[in-house]
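Peer 1: pasting a predicted model and its sequence here:
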Amino acid sequence: MRRVGDYIKKRFMEEMDRVELIGDVRGLGLMIGVELVRNKRTKEYAMKEIERVLYESFKRGVAVISAGKSTIRIAPPLNIPMELAERAVDIMIDVIKKVDRERVK
């Protein structure tokens, strides 16, 4: 359980430097929050963008919910296999990058 949670947080933290939309990653174990922001300096909530990320992730098979105004709550089952967590993270990061690119146009 801890190994999978650490992996998920690490992957999102690595993307935080490359993706403007990811403003913060926090959590413990398998309860993880990825905060989306419109601007990293001002920390403006990305409320419109989070709706798109949740919807597009769901369409691709990953069910996540929001917490607060613009944080993605990641809380998979405690027995999630690493391979499934990897696939879900890949999908979510891909969706976040897509939404980030499209909002800058």
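Peer 2: Sure, I can see it.
Peer 1: if you count neighbours, what's buried in the lengthiest strand in the chain?
Peer 2: Longest strand of the chain, by residue count under DSSP state E: strand 31-39. For strand 31-39, the neighbour count (16 or more other CB atoms under 10 Å) marks I32, G33, V34, E35, L36, V37, R38 as buried. For the C-beta atoms, the positions are set from N, CA and C on the backbone; glycine is no exception.
Peer 1: ok, what's across the strand from V34?
Peer 2: According to DSSP bridges, the partner residues bridging V34 are V25, I72.
Peer 1: tally of neighbours for S57?
Peer 2: Counted with other CB atoms under 10 Å, residues neighbouring S57 total 20.
Peer 1: for D100, which residues are in contact?
Peer 2: Contacts for D100 (CB atoms under 8 Å, 6 or more residues apart in numbering) come out as V19, E20, L21, E49.
Peer 1: which non-adjacent residue is nearest it?
Peer 2: Of all residues not flanking D100 in the chain, L21 sits nearest, at 4.1 Å (CB to CB, 6 or more residues apart in numbering).
Peer 1: one more: I74?
Peer 2: Per CB to CB, 6+ apart, closest to I74 is I32, 4.2 Å.
Peer 1: residue contacts, the one you found?
Peer 2: I32 neighbours (CB under 8 Å, 6+ apart): G5, I8, K9, F12, V25, R26, R73, I74, A75.
Peer 1: so where does the closest residue to V4 other than its chain neighbours fall, helix or strand?
Peer 2: The shortest distance from V4 to any non-neighbouring residue, by CB to CB, 6+ apart, is to A85 (4.9 Å). Counting by DSSP states H and E, the element that carries A85 is helix 82-104.
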